[in-house]
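**Q** Starting from these lines, generate the structure:
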Amino acid sequence: MGIPFKRLLRFLIVPVFGVLLLTGCEEEVNPFVEEDRFFTLFGYLDTASNNQYVRLMELRTEFADAGETSIDAIVTTTEIETGEVVAWRDSLITFGDGTSGHVFVGNFQPVPGWRYQLDVTRSDGKRATATTLVPELEVVDAREPEVGFAGVTQKIFWPQVDFIPFRVEVWYRTLDTSLPSLPFREAVVLYGDAHSRVGELENDGWEIIVRYAEDKEEVSKQLGVSEGAQPILMSMGMRLTMTDDSWRPPDGVFSEEILVQPGTFSNVEGGFGFFGSINQLSYEWTLDPSITSQAGYTYPGGKR
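**A** Take a look at the predicted model:
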């Protein structure tokens, strides 16, 4: 499932409009009269979606009429590895606050590890451009589970991941013998920042500790069983939503006070804004019978 466009959009709108507001107050740098800046854009490619979105605004010396529905722009992406070009279509969207704007839609699914160039071209040939390298999955190392006072824990190591993930999810795939038509059920636990559950940087990679006892309450709640029940656990999985390397705020913090500073968070040539990409990196594993039991579940084929 892709990340909702509006959810990530807030990390892009703040720095973009901060640039416009701050530079607009300076006599020496005015984005509305500069001859080398033509558009403001923000958006990203999502490997989990067949539709990609980019919000686009023209930079003009005079503001357009509020009722204007057209925009002088042709939007394309080029897949650098293959040379394939995709033309995006314009959609005039009305937002929740009653304002409207142009959101361009590209119908394709980006490939992890490939580079894409976004071009926005006016009828006079003036252009804004940005590129992104889609994150790709490296080999994942699931360390041996450990049994201690706090129950069963297990370290999952993601090599080459050197930045905090946008989101960390752990899923538990269980077998429900009471529903033959829908035998598999999944409970998904969202790992947040509390108690470093989102993980930390360790030895040129990202390490996340799965704490089975802490997850059990949420898993039981989602499955609709008592916490003392022992569902049949078929497999485990972890999913990291990762942004590309250019999507890195100073000190790793999405602070509005920092992001509104001009030039802090922009990769658009011939314009303002940001164009990036995200990928949902997934890894699945199983537990042996002994660990499954100690974690509070039943091993497939075992007695409940």
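**Q** low-confidence ranges in the stretch 201-304 of the chain?
**A** 249-264, 303-304 (pLDDT under 70).
**Q** Now do the strands in it.
**A** Per DSSP state E, counting those that start in this stretch, the stretch 201-304 of the chain carries strands over the ranges 205-211, 232-243, 271-285.
**Q** got those as CSV, with mean neighbour count and distance to residue 168 columns?
**A** Placement of C-beta: from N, CA and C, glycine included. Output for these, formatted as CSV (neighbours: other C-beta atoms under 10 Å; distance: least, C-beta to C-beta, whole Å):
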stretch, mean neighbour count, distance to residue 168
strand 205-211, 19, 6
strand 232-243, 21, 6
strand 271-285, 22, 10
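**Q** What distance do you get for residue 219 to residue 150?
**A** Residue 219 sits 16 Å away from residue 150, going by C-beta to C-beta, to the nearest Å.
**Q** Looking at the two, which is more packed in?
**A** residue 219 (24 against 11; other C-beta atoms under 10 Å).
**Q** For the more buried one, list the residues it contacts.
**A** 172, 187, 189, 231 (C-beta atoms under 8 Å, 6 or more residues apart in numbering).
**Q** And for the last one, the neighbour number?
**A** This means residue 231. Look at residue 231: counted by other C-beta under 10 Å, it has 21 neighbours.
**Q** and residue 2, what pLDDT?
**A** Residue 2 carries a pLDDT value of 56.
**Q** Same check on residue 144?
**A** The model reports residue 144 with a pLDDT of 96.
**Q** So for it, what's the nearest residue that isn't a sequence neighbour?
**A** Leaving aside its sequence neighbours, residue 144 sits nearest to residue 154 (C-beta to C-beta, 6 or more residues apart in numbering; 7.6 Å).
**Q** Residue 103 versus the one you found, what's the distance?
**A** Distance from residue 154 to residue 103, by C-beta to C-beta: 42 Å.
**Q** same thing with residue 189?
**A** 33 Å.
**Q** Go through the contacts of residue 219 and name the one nearest residue 241.
**A** Distance to residue 241, by C-beta to C-beta, is smallest for residue 189 among those, at 14.5 Å.
**Q** my guess is that closest one is in a strand, correct?
**A** Yes. According to DSSP: H, G, I helix; E, B strand; the rest coil, residue 189 belongs to a strand.
**Q** what about it, neighbour count?
**A** Residues contacting residue 189 under the criterion other C-beta under 10 Å number 21.
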